Structure formats: C-alpha cells, structure tokens
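Visitor: got a structure for you, letters missing:
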C-alpha cells in the first residue's frame with residue numbers, strides 16, 4: 001500500500017529540472033569569468049554542481065530550488081515521509097542518467113523514483 005499523493009505534471013518536472021540546471025550553469029559561468037570564458041570541461045563542472053545541488057538539497061530539505069519554485073517536494077513513496085540521504089543519493093545518481101528520469105510507470109514515477117523508493121509530489 002502506498003501513501004496517497006498528488007501527482008506532478010511532466011511540465012512542472014521539466015521546468016524545475018531546467019531551472020536547477022540553469023542555476024548551476026550560471027554559477028559555473030560566473031566562476032569561469034563569463035559564458036565566453038568557459039572551458040570545454042565546464043560541462044563536467046556543471047554536471048558535478050548539479051549532482052551536488054540536487055543530492056544535498058533533496059536530502060536536507062526534500063526539494064531543490066526548482067522544486068520549491070514550482071511547488072513540489074520529494075517524499076517516500078510508502079508513507080509520505082522525508083527521504084533519507086541514501087535515497088536522495090540513489091535518486092540523484094539515476095536522475096543524471098536522464099533515461100531513468102523520463103521513463104514513467106503507472107503511478108507517474110520515473111525509474112529513478114521507483115528504485116529509490118521516492119516520489120515527487122505537489123507541496
């Protein structure tokens with residue numbers, strides 16, 4: 001039996017993801033001296049910062065910057081409680097693979113959410 005939750009739309013998910021990615025891109029660009037000064041390795045720095053941002057904020061607060069602005073939060077699928085740091089790590093590691101994040105089940109959860117035991121809900 002799973003906790004009853006309010007599903008989020010695909011548009012909200014993608015909007016929050018884009019916002020988080022752009023925020024990390026802007027931070028790396030600022031530390032590089034601007035967009036024109038970014039090195040070819042900057043995309044790896046953006047990915048690393050994105051991973052850290054999503055993992056840490058999800059583990060500590062249950063939501064990233066994008067989730068908060070789009071009115072969403074990450075909870076345990078079984079009972080709606082806060083997820084652990086381990087669950088947040090698994091969810092984030094699979095999220096950056098992209099394929100696991102765009103493949104949904106009948107509950108509207110991506111593979112990254114099923115394997116981590118989490119769900120993204122409206123807050």
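Guide: Looks like it arrived, so ask away. Quantities reported herein were computed from a predicted structural model and do not represent experimental measurements.
Visitor: Point out where this protein drops to low pLDDT.
Guide: 1-3, 100-101 (pLDDT under 70).
Visitor: Please repeat the previous calculation with a cut-off of 90.
Guide: Within the chain, the stretches with pLDDT under 90 are 1-10, 33-41, 78-79, 97-112, 114, 123.
Visitor: Strands of that one, start to end?
Guide: Taking DSSP state E as the criterion, the chain contains strands spanning 72-76, 118-122.
Visitor: Could you pull up the contacting residues of the spatially most central residue of the chain?
Guide: The centroid of the chain falls nearest to residue 54 when counting by Cα atoms, centre = their mean (5.1 Å). Counting by Cβ atoms under 8 Å, 6 or more residues apart in numbering, residue 54 makes contact with 20, 64, 92, 95. In short, each C-beta sits where N, CA and C put it, glycine included.
Visitor: Could you dump the strands of the chain into JSON lines and include distance to residue 109 and mean neighbour count?
Guide: Formatted as JSON lines, the strands of the chain follow (distance: least, Cβ to Cβ, whole Å; neighbours: other Cβ atoms under 10 Å):
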{"stretch": "strand 72-76", "distance to residue 109": "11", "mean neighbour count": "21"}
{"stretch": "strand 118-122", "distance to residue 109": "5", "mean neighbour count": "22"}
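Visitor: want to try JSON lines for those strands, with distance to residue 46 as columns?
Guide: Compiled in JSON lines, the strands of the chain are given as follows (distance: least, Cβ to Cβ, whole Å):
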{"stretch": "strand 72-76", "distance to residue 46": "22"}
{"stretch": "strand 118-122", "distance to residue 46": "22"}
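Visitor: So which of the ones you listed is nearest residue 5?
Guide: The closest of these to residue 5 is strand 118-122. By Cβ to Cβ, the value is 4.3 Å.
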